[in-house]
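K.L.:
Give me a model of this one.
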Amino acid sequence: MSWDTITPYHRGFREFAEAYDAFGFADIHAHALPHLPTKPGLMLDVGAGSGRDAEWFATQGWEVVAAEPATALRQEATRRHPSPRIRWIDDRLPALANTHRLGLGFDLVWLSGV
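P.N.:
Numbering: from 1, shown residues only. Prediction:
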């Protein structure tokens, strides 16, 4: 029997998104900021959750593919962060099959809390 890691995010998607968005990107990822590319490009946010990180990158000029497997959470994130720079897709690790089908090359792949 395998443990389902997606179902809890369907049940508590609003609470999860609120908790995740309660902290700013720069507060959570201050240690990573000096290591990010200075020139925006195309990035993949794997396990994008509430969309907080995808939104931050979008406001920095990045085009973002946000992969999130939990449908309810992905829909909530789309509502919370309706940036035209974010393309939401249904995908999950380890294969990221839907991402691969896009045929894109990414300048940055971001995994936080995955």
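
K.L.:
At the geometric centre of the protein, which residue do we find?
P.N.:
Taking CA atoms, centre = their mean, the centroid of the chain lies closest to residue 48, which sits 1.9 Å from it.

K.L.:
I'd like to know how many residues surround residue 58.
P.N.:
21 (other CB atoms under 10 Å). C-beta: built from backbone N, CA, C; applies to glycine.

K.L.:
Which strand or helix spans it?
P.N.:
Element membership for residue 58, per DSSP states H and E: helix 52-59.

K.L.:
burial measure for residue 57, as a count.
P.N.:
There are 22 residues near residue 57, going by other CB under 10 Å.

K.L.:
List the residues that contact it.
P.N.:
Neighbouring residues of residue 57 by CB atoms under 8 Å, 6 or more residues apart in numbering: 40, 43, 45, 64, 110.

K.L.:
So what pairs up with the second one in the strands?
P.N.:
Put plainly, it is residue 43. Residue 43 has these beta-bridge partners by DSSP bridges: residue 64, residue 108.

K.L.:
Next, count neighbours for it.
P.N.:
Neighbours of residue 43 (other CB under 10 Å): 22.

K.L.:
go on, residue 41?
P.N.:
There are 12 residues near residue 41, going by other CB under 10 Å.

K.L.:
which ones are touching it?
P.N.:
Applying CB under 8 Å, 6+ apart, the residues near residue 41 are 62-63, 106-108.

K.L.:
Buried residues, the helix holding residue 58. List them.
P.N.:
Neighbour-count burial for helix 52-59, with 16 or more other CB atoms under 10 Å as criterion, is recorded at 52-58.

K.L.:
So which of those residues is the closest to residue 99?
P.N.:
residue 54 (13.8 Å; CB to CB).

K.L.:
Can you pull the poorly scored residue ranges out of the chain?
P.N.:
Residues of the chain that meet the criterion pLDDT under 70 lie in 1-17, 19.

K.L.:
For it, just list every one of the helices.
P.N.:
7-11, 13-21, 25-28, 52-59, 71-80, 97-102 (DSSP state H).
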